[in-house]
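In: pasted the sequence and its predicted model underneath.
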Amino acid sequence: MLPNYQTILYASDMSKNVRGVFRHAVSFARTYKAKIYFVHVIPSSAFNARQHEYSFYGYHPDDEGQPRAEEENQNLTKGIAATIRQRLEIFAAEELPDDAEPLAYVAGIEVVVGSSPVVGILQASDRVNADLLVFGSHSKGVGKYTFLGHVAERVLRKSRRPSLIVPITE
């Protein structure tokens, strides 16, 4: 029996060179009439800076009059998700100018905070029960012709789902 992809997880770091990766995800969605779930992972280190800033200035995030860390993270996550949605809308309109609704393929956008990219991608793929993972790979350094990017390699090793890895060119 041939695979029938209905749910595609598109993972991206939203760097400037991921246009080709998005095109591949949309191509599969068009071909199989599938839905794309977009995931963007923000590692916990991005939020540790804010917590350090709080302690540096002599107050704790839970002090009276200061935002609670969890509430701030939720608000920041919502803002980031909204920004990503706007960027995706602009991006999709540029990449898919012939489509009446360029984001019709995108069923959901998720921002995962406080996780490693590998864990965030794997957990998101389980949540949406993805039939296919699509993401880019930054191959860098001396072994750029030998090795996949760190995240791509680890996702491939740990996932049991089919994956499409698109090389990201600089």
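Out: Perfect, I can see it now.
In: where's I8, which helix or strand?
Out: strand 7-11 (DSSP states H and E).
In: helices or strands up against that strand?
Out: Using 3 or more CB pairs under 8 Å, 6 or more residues apart in numbering; DSSP states H and E as the contact criterion, the secondary-structure elements in contact with strand 7-11 are helix 19-32, strand 35-42, helix 117-128, strand 132-137. Every residue, glycine included, has its C-beta placed from N, CA and C.
In: and the angle from the first one to strand 35-42?
Out: Angle of helix 19-32 versus strand 35-42, following axes from the mean of the first three to the mean of the last three CA atoms, to 10 degrees, is 150 degrees.
In: what residues of helix 19-32 count as buried?
Out: V21, F22, H24, A25, V26, F28, A29, Y32 (16 or more other CB atoms under 10 Å).
In: for the third one, give me its contacts.
Out: Read it as H24. Applying CB atoms under 8 Å, 6 or more residues apart in numbering, one finds that H24 lies in contact with V134, L164, V166.
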